[in-house]
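1. 3D, please:
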Amino acid sequence: MSERNGSIPRVGMVGGGQLARMTHQAGIALGVDFAVLAGSPDDSAARVCGDVRLGDDRGLDDLLAFGKSCDVVTFDHEHVPEPVLRRLEEAGIAIRPGRDALRFAQDKLRMRVRATELGLPCPRWRAVTETAHVEAFAEEAGWPVVLKAARGGYDGKGVWVAADAAEARTVVERAAAEEVPLLVEEKVAFRRELAVQVARSPYGQVAAYPVVETVQRDGICHEVVAPAPGLDPDEAVRAQELAIELAHALGVVGMLAVELFDTGEGVLVNELAMRPHNSGHWTIEGARTSQFEQHLRAVLDLPLGSPLTTAPFTVMANLLGGEDPDVYRRYIHVMAKDPGLKVHFYGKQVRPGRKIGHVTVVGDDPGDLLARARDAAAYLKGDEQ
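-> Just a heads-up that it's a prediction; the model follows:
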């Protein structure tokens, strides 16, 4: 750890991934001290952050030592065990969001229970421990159904679509053997997927970003269009109000991302995350205050920044690794072809299908922006030569 800089607060982020990397970049302009607890010096944030502590970002001893050197501790993932979070709070360490909020991001079953108690629109669901429960649910909701691990899933992991009882039995038996709690949900016939982000400070101030459209393939976000084209303004406001209600009810401090299904008759809550989120990377170029700066402002209880957009539309496309690891050679050509496009690399080794960065482009025509972003992402992956 570096020496403290007078009264400047130090924010510690648990996890050394790309979210920590981009939060570190936002912290430079804010003038705050920023430290990262990373598992490896090769982690995305550890490659660029000047204040790195190497250790187990889920283990009590390393987290206690890290937390005691920071004014506020926040997270770039939801995987710190709840008993560890409790010990951190008992030691007087300010963790934001706190344990009482994070448990709803860590456990989909808890989240569904609370959202239902709040009267928020959700897909039909129930907790299941045996195949008979799934079959009974499917008699009402119909096949196929979606089975989800209550804890630990992300980017499509821990989610299974079961077409019939036999497929459901395979999932239920495997989950029981691994002691993974499950819930079953109806397979929603949605028109598109949306996401909305809000920030909330300990003081209770909130800031809501425009509702965006996300394009998901194989459980991974590929593209984001901000704001969501053609979304009814009243529907957009209702989605923002839903996210604000969740942030207040769950006691969120920092960024909250709520993923939604647009059914054509309204929205349903799908998933949520209490940290900067892939659906908000567009805000670096497309909003007055990026989600990363906003997260830091919120956890430090600073006045929140403006979430207003800088252009009529912004498109973000994730860069996924391909077979050829020599991305830099293609990067030069992308920069030359489209000088208005911004490329962000995460400092990760290239592997097929791995998120290694994203591209962002702003302008007036979402169709044109999508074409430019897709072209750049495909070329950088090596799909187009």
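2. So residue 77: helix, strand or coil?
-> coil (DSSP: H, G, I helix; E, B strand; the rest coil).
3. can you pull the pLDDT of it?
-> Note on residue 77: pLDDT of 95.
4. Then the one 5 residues further on?
-> Reading off the confidence values, residue 82 has pLDDT 95.
5. Kindly report the same for residue 151.
-> In this prediction, residue 151 has a pLDDT value of 89.
6. List the residues that contact it.
-> Shown in contact with residue 151 (CB atoms under 8 Å, 6 or more residues apart in numbering): 106, 107, 108, 180, 181. Where you see a C-beta, it was placed from the backbone N, CA and C, and this is true even at glycine.
7. right, and the fourth one touches residue 152 too?
-> Yes: A contact is recorded between residue 180 and residue 152 when judged using CB atoms under 8 Å, the distance being 7.4 Å.
8. anything in contact with each of these two?
-> Counting by CB under 8 Å, 6+ apart, the contacts common to residue 180 and residue 152 are residue 158.
9. Quote the end-to-end distance of stretch 274-287.
-> Stretch 274-287 has its terminal residues 19 Å apart, counting by CA to CA, to the nearest Å.
10. Which residue would you name as the spatial centre of the chain?
-> Nearest to the centroid of the C-alpha atoms of the chain, with distances taken as CA atoms, centre = their mean, sits residue 277, at 2.8 Å.
11. Tell me if I'm right that that one and residue 258 touch.
-> No: because the distance of 9.4 Å does not satisfy CB under 8 Å, residue 277 is recorded as not touching residue 258.
12. quick one: common contacting residues for the two?
-> Taking CB under 8 Å, 6+ apart as the contact criterion, the common neighbours of residue 277 and residue 258 are 195, 197.
13. other SSEs contacting whichever strand or helix holds residue 261?
-> Assignment of secondary structure by DSSP states H and E places residue 261 within strand 254-262. Applying 3 or more CB pairs under 8 Å, 6 or more residues apart in numbering; DSSP states H and E, one finds that strand 254-262 makes contact with strand 192-200, helix 233-250, strand 267-273, helix 291-299.
14. What angle do strand 192-200 and the longest one make with each other?
-> Orientation of helix 233-250 against strand 192-200 (axes from the mean of the first three to the mean of the last three CA atoms, to 10 degrees) gives an angle of 50 degrees.
15. Show me where this protein has its helices.
-> Secondary structure of the chain, counting by DSSP state H: helices at 18-30, 60-68, 82-90, 99-106, 108-117, 131-141, 165-177, 233-250, 283-286, 291-299, 327-337, 366-381.
16. Quick check: mean pLDDT of the fourth one?
-> Across helix 99-106, the average pLDDT comes to 97.
17. buried set for it?
-> 99, 101, 102, 103, 104, 105, 106 (16 or more other CB atoms under 10 Å).
18. Contacts for it next, please.
-> Defining contact as CB under 8 Å, 6+ apart, one finds that helix 99-106 is touched by 75, 78-80, 82, 85-86, 88-89, 97, 110-111, 114, 151, 250-253, 272-274.
19. Who are the packing partners of the helix or strand bottoming out on mean pLDDT in the chain?
-> Ranked by mean pLDDT, DSSP states H and E, the weakest helix or strand in the chain is helix 327-337, scoring a mean of 92. Under the contact criterion of 3+ CB pairs under 8 Å, 6+ apart, the helices and strands touching helix 327-337 comprise strand 342-345, helix 366-381.
20. which residues sit in contact with the residue lying closest to residue 305 once chain neighbours are set aside?
-> The shortest distance from residue 305 to any non-neighbouring residue, by CB to CB, 6 or more residues apart in numbering, is to residue 289 (3.0 Å). Shown in contact with residue 289 (CB under 8 Å, 6+ apart): 207, 283, 297, 304, 305, 306, 307.
21. As CSV, those residues with distance to residue 29 and neighbour count would be great.
-> CSV is the format used below for the contacts of residue 289 (distance: CB to CB, whole Å; neighbours: other CB atoms under 10 Å):
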residue, distance to residue 29, neighbour count
207, 18, 21
283, 14, 29
297, 11, 22
304, 15, 19
305, 11, 18
306, 15, 10
307, 17, 22
